[in-house]
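Novice: Model the following, please.
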Amino acid sequence: MIVLPPRVELVLRIGARVLLAVAIVVFVAYMINGNLPEEPEGGTFTEDILVPLQSFLLVVAAIGLLLSFRWMAVAAVVVALSGSGVAIISALQYDAPAPLLIAIAFLLPAVMMWLDWQCRETLGKIAVLAVGTSALFAISWIGSTSLYDRYLGPTHPESVAPRLDDSLVRWSWAGAVRSDRFTVTAALRTATDDLTLEVTGPGGEVAGRFGPMVVDEDVPVSVDVDGLEPATDYRYVFESGGVPDELRAGTVTTFPDGPASLTLAFGACARTDANGAVFDAIRAVDPDLYVMLGDLHYRNIGENDSGRFAAAFHEVHASPGQSLLYRDVPVAYVWDDHDYGANDADATSPSRPAARQAYGEFVPHYELPAGDGGAIHQAFTIGRVRVVMLDGRTHRSIPGGVLLGDDQLEWLLDELLAARDTHALTIIASPPAWIGEAALGADHWGGYAGERDRIGAFLDEHDIGNVVLVGADAHMVAIDDGTNSGYGGHDGFPVLQAASLDRPGSVKGGPYSHGTFPGGGQFGVVEVTDTGGDRIDVELQGLTWEGEVLTSLTTSFDVGPAVP
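Specialist: Below you'll find the predicted structure:
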C-alpha cells in the first residue's frame, strides 16, 4: 500500500521498538513513584482496581514489544489496544489533552509497526488492520474524553465572567466581616515595597488608606480594614507606585449591627479550576455572605507540601467566575477532605501542617479558637444570627468515632447555649451531612453517632430551639423539615444540604422530608427575615445554576425574651 525503501523499513522497525520500550519504562517509573491515576473522590476506581489494571496493560504492551520480533501485525494490534487502555485510565489523573498524548505514545509505535508490516502484505490485510488501528485511536480519544467529562469535567455551562488581563493583583477576596471591619487577602504578581490599600465608602469618600507595605509575590498579604460603619457598602483597591489596580477592585458590605433581613449563600464541592455558571447564579442572589463548606478544590494533596496548597489556591482564583464572585461577595470558608488532604483525610493526614499553614496565609477568616496550627472552626454574628462553622477533618478519627474532638465539641455546645439567649437564630455550618443512619466509618455524622447524640441531647436538655443546619459534602441539594434530623432525644431541626457546585451528583445519608436532588451546578440559600420582633422567618432554598428553585422550606421561630 505504501512502498518504503528498505532502510526506512529498518528505521521504522527499530524506532517502534525503542519508542515503545521508552513509553513502558516511563510509565513503570511513574507507578514506582506513586503517580497512579485515581478517581478524585476515591469512588468506583480505587487503587485496588487501578494498580493491577494499569500493571496488566503495561505487561500487555511489553508482550506486544516481544511479539514485534516475530509477528509485527499482531504486535501492532496488541500495542494499540494496551495503549488505548492506558490513555483512558490516565484521564482520571491528567487533564485533557494529556490522555490523547499518552495514547499517541503507544499508538505511534503501533502505527510504525503497521507501516513496516504493510510493505510485505496484501491490500486486503492492510485495509483491515488500517481500519482497526484507526478505530482504536478513535475509541481511545472518545473513551478518555468521556471519562474525563464524567469524573473531572464541568457539570454545566461556563460562567459569563470575562477573563481579565494580568495586573498588579493576581487575585483577592475578603472575609472576617463584622459591622465595623473586614479583612482583605490578596496575592500579587510581583513584589513591591509600597503597596497600599484604599477603601472608599458611599459617594467615593475615602474611609481609610492602609500601607505602604512590603509584599513578596510568593506570600499573600492580608489587610485588616477597620473603623467602618455598619451595613455600608465599601470598595477596596490596591495600588503600587501610585497606580491603582482598578481591574481587580473588590466590594464588601459590612454586617448590620442589630436586627436585619439577610441572604446567605452556601456551596461546596467544586473542581479545582471550576468556572461554572453556578458562580454567576450565586452572585445573582446578591448574598450578604458566601459560606464555602469545603472541597474548594480537588487537588487531594496527601503530603506535607505547602507549595502544592499554594498552587491549588492560585488555580481556584484563576477561574474568572470564582474570582469575580470573591471580589463581589465576602467569603467564610472551612475545608473538607479534598482541600485538606486526600480523599477521606482525617487527623492522621500528612498534609495537615501544610493545609493549616496555607489556610492561615491564603484565607481571610474569623478568630480561630484552636489557635495557631489547630482546627479551623470559627463563629461570627450577622444581624441577630449566629453562624457556627465546624471543622470535620482536623480531629476526625474513624476508629475512635471522633469527628470534632473534645475541644471543638465543647466549644460548639458553648456556642449553642450562649446563642440561645443572645441571638434570634443559630446556623450550624457543617461540611459533613447531618442526617444518616448510625454506622461506624460512614462518611457523614452517622459515622460519629456518639458526638451527634451528645449534641442532640444538649439541645434538648437546654431547650435550644432556634437552630438550622446547613451541610455539604454529599453532591446534592436536599431539605429536611426536622422530621429526620433529631438524635439524642432531640426532636430535630431544619436541615439544608447545599452542594455540589461543580462535581457529579451523588446521594449520601438521609432520608430527607423534601427529597434529594443530586447534581452539579447547585447551591443553597438561607433567607432570614428579621424585623426585630419576637418572630424570625427563615427560608431554605436549593437552587441550580439557572436560578431554578429545586426545593424550599419556609419556617418561623419564636425569639426568646432575653434576645436583644
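
Novice: Glu246: neighbour count?
Specialist: Per other Cβ atoms under 10 Å, the neighbour tally for Glu246 reads 10. Using the backbone N, CA and C atoms, a C-beta is placed for each residue, glycine as well.

Novice: What distance do you get for it to Glu198?
Specialist: Distance of Glu246 to Glu198, computed by Cβ to Cβ, to the nearest Å: 11 Å.

Novice: moving C-terminal of the helix or strand of the chain with the lowest mean pLDDT, what's the next helix or strand?
Specialist: The helix or strand of the chain with the lowest confidence, counting by mean pLDDT, DSSP states H and E, is helix 123-151 at a mean of 70. For helix 123-151, the succeeding helix or strand toward the C-terminus, using DSSP states H and E, is strand 169-175.

Novice: next SSE after that next one?
Specialist: Sequence-wise, the next helix or strand downstream of strand 169-175 (DSSP H and E) is strand 182-188.

Novice: helices or strands up against that next one?
Specialist: Packing contacts for strand 182-188, counted by 3 or more Cβ pairs under 8 Å, 6 or more residues apart in numbering; DSSP states H and E, involve strand 169-175, strand 221-225, strand 233-240, strand 250-253, helix 306-317.

Novice: ok so, going back, list the residues that contact both of Glu246 and Glu198?
Specialist: Val237 (Cβ atoms under 8 Å, 6 or more residues apart in numbering).

Novice: What residue spans form the domains of this structure?
Specialist: 6-151, 264-556 (automatic domain parsing).

Novice: Could you point out which of these sits nearest Asp216?
Specialist: Nearest of the domains of the chain to Asp216, taken as Cβ to Cβ: domain 264-556 at 11.3 Å.

Novice: Could you tell me the end-to-end distance of that closest one?
Specialist: End-to-end span of domain 264-556 (Cα to Cα, to the nearest Å): 17 Å.

Novice: again, but for stretch 356-375
Specialist: End to end - Cα to Cα - stretch 356-375 spans 8 Å.

Novice: Let's verify Leu228: helix, strand, or coil?
Specialist: Here Leu228 is recorded as coil under DSSP: H, G, I helix; E, B strand; the rest coil.

Novice: Tell me which of the helices and strands packed on strand 182-188 is the most buried.
Specialist: By mean neighbour count, with neighbours taken as mean count of other Cβ atoms under 10 Å, strand 169-175 ranks first of those at a mean of 24.

Novice: Show the average pLDDT along that strand.
Specialist: The average of the pLDDT scores along strand 169-175 is 98.

Novice: what's in contact with that strand?
Specialist: Residues outside strand 169-175 that contact it (Cβ under 8 Å, 6+ apart) are 182-189, 217, 236, 238, 245, 247-248, 250, 252, 314, 317-318, 323, 326-327, 330-333, 363-366.

Novice: Tell me the buried residues within these.
Specialist: By neighbour count, with 16 or more other Cβ atoms under 10 Å, the contacts of strand 169-175 hold 182-188, 236, 238, 245, 248, 250, 252, 317, 323, 326-327, 330-333, 363-366 as buried.

Novice: Look at Asp421 and tell me its secondary structure.
Specialist: Assignment for Asp421 (three-state DSSP): helix.

Novice: Quick check, it in contact with Val559.
Specialist: No. The pair Asp421 and Val559 does not pass the contact test of Cβ atoms under 8 Å, sitting 10.7 Å apart.

Novice: For those two, indicate the residue with more neighbours.
Specialist: Between Asp421 and Val559, counted using other Cβ under 10 Å, the more crowded position is Val559 (20 against 12).

Novice: That one: what's its closest spatial neighbour, skipping adjacent residues?
Specialist: Spatial nearest neighbour of Val559, chain neighbours left out: Ala424 (4.5 Å); criterion: Cβ to Cβ, 6 or more residues apart in numbering.

Novice: now swap in Ala457 and tell me
Specialist: Per Cβ to Cβ, 6+ apart, closest to Ala457 is Gly488, 3.8 Å.

Novice: At which residues are the strands of the stretch 351-500 of the chain located?
Specialist: 378-382, 385-389, 425-430, 467-471, 476-480, 495-498 (DSSP state E, counting those that start in this stretch).

Novice: Could you give the number of residues near the residue nearest to Ala457?
Specialist: Gly488, neighbours per other Cβ under 10 Å, totals 17.

Novice: residues contacting it?
Specialist: Contacts of Gly488 (Cβ under 8 Å, 6+ apart): Arg452, Asp453, Arg454, Ile455, Gly456, Ala457, Phe458, Leu459, Asp460.

Novice: can you tell me how far it sits from His395?
Specialist: Taking Cβ to Cβ, one finds Gly488 at 20 Å from His395.

Novice: what's the answer for Thr263, then?
Specialist: Distance, Thr263 to His395, by Cβ to Cβ: 32 Å.

Novice: So those two - more neighbours on which side?
Specialist: Between Thr263 and His395, counted using other Cβ under 10 Å, the more crowded position is His395 (21 against 14).

Novice: pLDDT at the residue nearest to the more buried one when sequence neighbours are not counted, what is it?
Specialist: For His395, ignoring the flanking residues on the chain, the nearest one in space by Cβ to Cβ, 6+ apart is Gly405 at 3.2 Å. Looking at Gly405, its pLDDT reads 96.

Novice: Repeat that for Gly203.
Specialist: As predicted, Gly203 sits at a pLDDT of 90.

Novice: For the stretch 51-200 of the chain, give me the ranges with low pLDDT.
Specialist: By pLDDT under 70, the low-scoring segments of the stretch 51-200 of the chain are 91-96, 119-122, 125-126, 129, 133, 136-137, 140-141, 143-145, 147-148, 150-152.

Novice: Show me what counts as buried in stretch 18-34.
Specialist: In terms of neighbour count (16+ other Cβ under 10 Å), stretch 18-34 has its buried residues at Leu19, Leu20, Ala23, Ile24, Phe27.

Novice: in a helix, that's where the last one is, yeah?
Specialist: Okay, so that is Phe27. Yes. When three-state DSSP is applied, Phe27 is found to be in a helix.

Novice: Would you agree it is in contact with Leu58?
Specialist: Yes. Under the criterion of Cβ under 8 Å, Phe27 makes contact with Leu58 at 5.8 Å.

Novice: and for those two, which residues touch both?
Specialist: Contacts common to Phe27 and Leu58, judged by Cβ under 8 Å, 6+ apart, are Val86.

Novice: hang on, Thr381 packs against Leu425?
Specialist: No. Thr381 sits out of contact with Leu425 when judged by Cβ under 8 Å, with a separation of 10.6 Å.

Novice: Which one's more surrounded, these two?
Specialist: Each of Thr381 and Leu425 has its neighbours counted (other Cβ under 10 Å); Leu425 has more, 23 against 17.

Novice: just to revisit the earlier point, deepest-packed of the domains of the chain, please.
Specialist: Among the domains of the chain, ranked by average contacts under mean count of other Cβ under 10 Å, first place goes to domain 264-556 (a mean of 21).

Novice: quick check, distance from that domain to the centre of its chain.
Specialist: In terms of Cα atoms, centre = their mean, to the nearest Å, the centre of domain 264-556 is found 12 Å from the chain centre.

Novice: List the contacts of Arg181.
Specialist: Asp224, Val225, Asp226, Gly227, Leu228, Thr254.

Novice: For those, which two are the farthest from each other?
Specialist: Asp224 and Thr254 (13.3 Å).

Novice: Look up how far Arg384 lies from the nearest residue to Gly383 once chain neighbours are set aside.
Specialist: Nearest non-adjacent residue to Gly383, counting by Cβ to Cβ, 6+ apart: Ala260, 4.0 Å away. If you measure Ala260 against Arg384 using Cβ to Cβ, the figure is 8 Å.

Novice: Spit out the residues that contact those two alike.
Specialist: Both Ala260 and Arg384 are contacted by Asp530, under the criterion Cβ under 8 Å, 6+ apart.

Novice: surely His395 meets Ile376?
Specialist: No. The criterion here is Cβ under 8 Å, and His395 misses it with Ile376 at 11.1 Å.

Novice: I'd say Glu158 and Asn275 touch.
Specialist: Yes. With contacts counted by Cβ under 8 Å, Glu158 reaches Asn275, the gap being 5.3 Å.
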